[in-house]
Structures are given as C-alpha cells and as structure tokens.
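**Student:** Here is my input, please return the structure:
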Amino acid sequence: MATDLTASPQATTELHRYVEALLANLAADSSTPLAAPTFQDDGSSWLPPAVQALVTILAGDDPLEPLTKAATRDQQNTALFLCLALAVAGHGDRIHASWLGTAFGALSLERPVTHGQRALWLAAARGAYGPAGKIFVLRKLDALAIPEHAEVSEWLQALVPGEPAVVVPAALVDFPELAEIPELAKPVQAAARLARLRARCTEITSTRQADSESRTPLINAAATPATAWAEEEPLAVLRSMAGLGGAPGPMASLVSHLLDDLRPGSDPYLAAIALHVAAPILRGVAEGLAADTELAPPDAITVPVLGHPLVLHPEGPDATSMADAEREIIADGVPDRGLPWLAYVSLGLAVALLVAAVVLWWPFALLGAALAGLGGWRLWRLRQAKLSDAAYVEQRLAELKDLADGAVWALHAYAREAEDRAKQAAEDTAELTRLLRRGPRAA
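**Tutor:** A predicted model of the protein is given here:
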C-alpha cells in the first residue's frame, strides 16, 4: 500500500516531512492551515499530486489539475488517500460520489480485507461520509453471501459469548439437578439465550452518533503516538500509504472481521454493520429458540433421588420405582449382622460355671457371673445396633418421600413458569426482529 517514491532523496524527504506535518495537523483537528506545498513532483509517483489535491480541497479551491495527475498515475491509491484524509479532517462530505467505489475496490470472501478497505469501512461506519457512506458499505457486504461462510454457533459465540452450561429457573432452585435433564433444560436455555441476544442487539442498535461526532469522528483527540495507532485506523493507513510507517501487518478475512466486530467491547459502529450482516441468521435463530421455549414438559422424567432412580409423573412418583428405591434403601440400611454367637457362648459358659460352683467350688460363680454380664452386654449392643438401623432406614425413607414429593411440586411450578417463559420469548423474538429490521441505518 505504501507509495513508491523514485525522486531524489532530498525531494522524498521534503515530501515525507510535509505529509507528516499534514497528517499531524489533521489528526489534531487543527483549524490552522498549512503552508502551500514546496516539494517537487518528479512525475512518477501519485502521492505528490494527491497531497496537492488534498490541500487544495481543504482550502476550498478546485483540485482538478493535481487530482487528474494523481489519478492518471494511480487512481485507486489517489481515491483511497483522499477519502481517508478528508474523513480524518471531518470533511468526508467533500468526496466525489465515485471516489468511495474506486478506493474500496472489490470485496471478496476468498481474499483478505486490505487495511485500506478496513479503514474505509471503519470511517463509513462512524459516519465520516454521512448516511451514503454507511449504505455504500452495507451494499458491498450485502452483495456477498457472508452468513453462509460461518457456522451459526460462531455468530452466536461472537455475539453472546460465555453462556452458562446450565440455567436453573426459579422453580427448580431447590432441585438444580432437575435443570440438567435435557427435556427440562432445553426450553430454559433457549429462553435465556434469546434474552441475551435481545439485550446484546439492543445494546448495539442503541448506539447513536451526535452531530459533532459525525463531523470529526476519526481525529487523534487523545494525542496517541503514531506508533500506537491500530493498523486499520485511517490515520495509520494514511501514514503507511505515504511511506511513513513500517511494513503493514497481516490482513484478516472478511468473516473474521465481522465476527470480531460482533464481540462485546468492539467498536459500536462496526458492531452495527456486522449485526446487519448477521441479521438473516439471527432471525432464524430467534425463531428456533422461541419454538424451543414452547416445548411442553414431558409426562414422566427419571431423576436420581438419594442415589436411586425415580420416575416422576405430574400426579406423583411412580409406585414401582418408588418401591424399588425403598427396597434398596432397606437393603443398604439394614446390614446382615449375623447371630450373636459370642454372646450365646458366653451365656452357655456362664451357666456351666454356675453349676460347677454349686457342685465343685464356689469361686466358679464369680467367673460365671462375669461371662453372663459379657453375653448380656453383647446382646444389648446388637439390639441397639438394630434399633439404629431401623431409625436410619425410617429417616431415609421419609427423606426419599419428601424429596420425591418436593420434586413433583417443583415440576408443577416449572410447568406454570413455562407459559410465562413462552410469552416472554415471543416478546423477545418480536423485539429482536424489530431491532434487526431497523438495522444500522437508524443509527
């Protein structure tokens, strides 16, 4: 894109110095006119007469002679230089009707977008050329079947990134595991995505340009150093065309530019253009999401409750699955503790020792009493363990019933929410369609 200057080094240096001062003057939005150009025109490069034509236009004079010279040498670069420079100067309305088309050239899905095309795109989106400039870019984009060259998921990911994996509606807050069931999750996620799409599209289309902004939208008001300018900013492209910058960076494809423009935090004016391009896909997505919100809840769902699969119906838990779960709870909660053989042996030995104490020697009675106490204590421990098992099973069965009943009531609340959710989705779809129909022209 940079010009090829073949004049003497001194003439080239004078030209560069003058162009640098001219661009700095434009970037600062200065009203102080520059002195008339003094550099020499060697007759080979388009830049000297293009600069002369620009200065003449800014002075309000007829630029026909230098403009003809520059266009004869390189028509597209001349038109691009003048379009960008006049846009930066806040005089985009002074460009000729044919200059934009000549400067922009052909836009293709097979070739990357040049930095010059992107700079014109940016200037037009920010209103530098008035409504006609914005419509020019829109028509260039409309002429290509752009939405077909990217997956629907890519457009959505760019527009509303970071969607949650699971959306828990108010009715299922106490039973979030129900929100993971596909039949229940799909309508809720569709409604949430539709609401986010509407909010993002509202944010993009609510952007407005004030009159003062439309006159000088591309100046370097913050006095940012030239080395820090984005490559696709008009000022940076102008410097590159004049040979004042380094080698231009890599160019991106048309689709990647549009996807980047849709992401949150992007330039709002570029986002409005990109939204217009994605509108046909987004309308179809909105209609599909609205249809998903109208899906009726299933007649029966299977959910894990306390680790046991239960089939839930609107009228209550399924009796068979409930009975199976209760049997499993009882089986898990009442372990097989076996017979208390040690207690029985202790009691048997105690009886034998008591008999021996009567017949043989009385101290055997003491040992027999100790064994009898040990056997009785072990029987008491076994009884306490069985009572504890029974209490645990009873508590788990009651918990199973409470949770099953609560899940059924939550499903009833979910069904009541479904009607409101579908109504809200219809409103979101209608508003989203209205916003997409308005398009960036309203901005």
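**Student:** tell me which residues of the helix or strand that residue 187 is a member of are tucked away?
**Tutor:** Here residue 187 sits within helix 182-205, counting by DSSP states H and E. Across helix 182-205, burial judged by 16 or more other Cβ atoms under 10 Å covers 184-185, 187-198, 200-201, 204-205. (C-beta placed from N, C-alpha, C; glycine too.)
**Student:** Equivalent analysis for stretch 260-271, please.
**Tutor:** Buried residues in stretch 260-271, counted by 16+ other Cβ under 10 Å: 261, 262, 267, 268, 269, 270, 271.
**Student:** For the residue sitting nearest the centre point of the chain, which three-state class applies?
**Tutor:** Of all residues in the chain, the one closest to the mean position by Cα atoms, centre = their mean is residue 161, 1.1 Å from it. Using DSSP: H, G, I helix; E, B strand; the rest coil, the secondary structure recorded for residue 161 is coil.
**Student:** what's near enough to touch it?
**Tutor:** For residue 161, the contact set (Cβ atoms under 8 Å, 6 or more residues apart in numbering) comprises 263, 264.
**Student:** How much space separates residue 156 from residue 285?
**Tutor:** Distance, residue 156 to residue 285, using Cβ to Cβ, to the nearest Å: 7 Å.
**Student:** shared neighbours, these two?
**Tutor:** Contacts common to residue 156 and residue 285, judged by Cβ under 8 Å, 6+ apart, are residue 197.
**Student:** the more surrounded of these two?
**Tutor:** More neighbours surround residue 285 than the other of residue 156 and residue 285, with 22 against 19 (other Cβ atoms under 10 Å).
**Student:** Correct me if wrong: that one contacts residue 196.
**Tutor:** No - between residue 285 and residue 196 there is no contact under Cβ atoms under 8 Å: 11.6 Å.
**Student:** Walk me through which strands the strand or helix carrying residue 309 pairs with, and which way each runs.
**Tutor:** For residue 309, the element it lies in under DSSP H and E is strand 308-313. Sheet pairing of strand 308-313 (DSSP bridges) gives strand 301-305 (antiparallel), strand 316-317 (antiparallel).
**Student:** now those strands in CSV, with mean neighbour count, distance to residue 43 and mean pLDDT?
**Tutor:** Formatted as CSV, the strands paired with strand 308-313 follow (neighbours: other Cβ atoms under 10 Å; distance: least, Cβ to Cβ, whole Å; pLDDT from 0 to 100):
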stretch, mean neighbour count, distance to residue 43, mean pLDDT
strand 301-305, 17, 83, 80
strand 316-317, 16, 93, 82
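**Student:** Compare those and report which one is nearest to residue 397.
**Tutor:** Closest approach to residue 397 among the strands paired with strand 308-313 is made by strand 301-305 (11.7 Å; Cβ to Cβ).
**Student:** Format the CA atom coordinates belonging to the closest one as CSV.
**Tutor:** The C-alpha coordinates for strand 301-305 follow below in CSV (Å, rounded to 0.1, in the frame of the first residue of the first chain):
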residue,chain,number,x,y,z
ILE,A,301,-39.0,-38.0,33.9
THR,A,302,-36.4,-40.1,35.6
VAL,A,303,-34.3,-38.3,38.2
PRO,A,304,-31.8,-39.6,40.8
VAL,A,305,-33.2,-39.1,44.4
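**Student:** returning to that earlier point: out of the strands paired with strand 308-313, nearest to residue 100?
**Tutor:** Of all the strands paired with strand 308-313, strand 301-305 sits nearest to residue 100, with 59.4 Å by Cβ to Cβ.
**Student:** roughly how far out does the closest one sit from the chain middle?
**Tutor:** The chain centre lies 32 Å from the centre of strand 301-305; the measure is Cα atoms, centre = their mean, to the nearest Å.
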